[in-house]
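*Asks:* everything below, folded, please.
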Amino acid sequence: MALQYNLSKVYEISENDSEFALQIVSLFLQEVPAELKSIKEGIELKDYTRTYAAAHKIKPTLDLLGMDLAYDDNLEIMNWTKVEGKRKEIKEVYRSLKDRIDAAVAELKKDFKLN
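*Replies:* Sure, this is the predicted structure:
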């Protein structure tokens, strides 16, 4: 049973197409960790544009995979970029987002038998 993600939206829009679900999972595994790294670097450099762009890019994927808590963390990061907040204000939120994404990556790789 999936704890870190929920593929119900994926199966709903694809009419239970497991091949489509695998494509979405593969896309998540390829793109989201890379964008997460970009978010981290953007926060460290206070590059609000870069941080926002990376957070905005992963937003629909987090929603599609039913990762509600990670989605909320991501929205908080996006809002932080709009107000150009201080790094210390967002570090815990980033850590929470990273932990949730890392856990989902590990679980998806295990559940879908991917490397």
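
*Asks:* how many neighbouring residues does residue 13 have?
*Replies:* 11 (other CB atoms under 10 Å). C-beta: built from backbone N, CA, C; applies to glycine.

*Asks:* look at it and report its pLDDT.
*Replies:* Here the pLDDT value assigned to residue 13 is 96.

*Asks:* max-length helix in this structure?
*Replies:* helix 18-45 (DSSP state H).

*Asks:* any chance you could list what contacts the helix or strand residue 89 falls within?
*Replies:* Residue 89 is part of helix 87-111 when elements are defined by DSSP states H and E. Helix 87-111 has contacts (CB atoms under 8 Å, 6 or more residues apart in numbering) with 2-5, 25, 28-29, 32-33, 36, 39-40, 43-44, 46, 65, 67, 69-70, 73-74, 76-77, 80, 114-115.

*Asks:* low-confidence ranges, this structure, go.
*Replies:* 1 (pLDDT under 70).

*Asks:* in it, what residue sits furthest out from the centroid?
*Replies:* What lies farthest from the middle of the chain is residue 15; by CA atoms, centre = their mean that is 23.6 Å.
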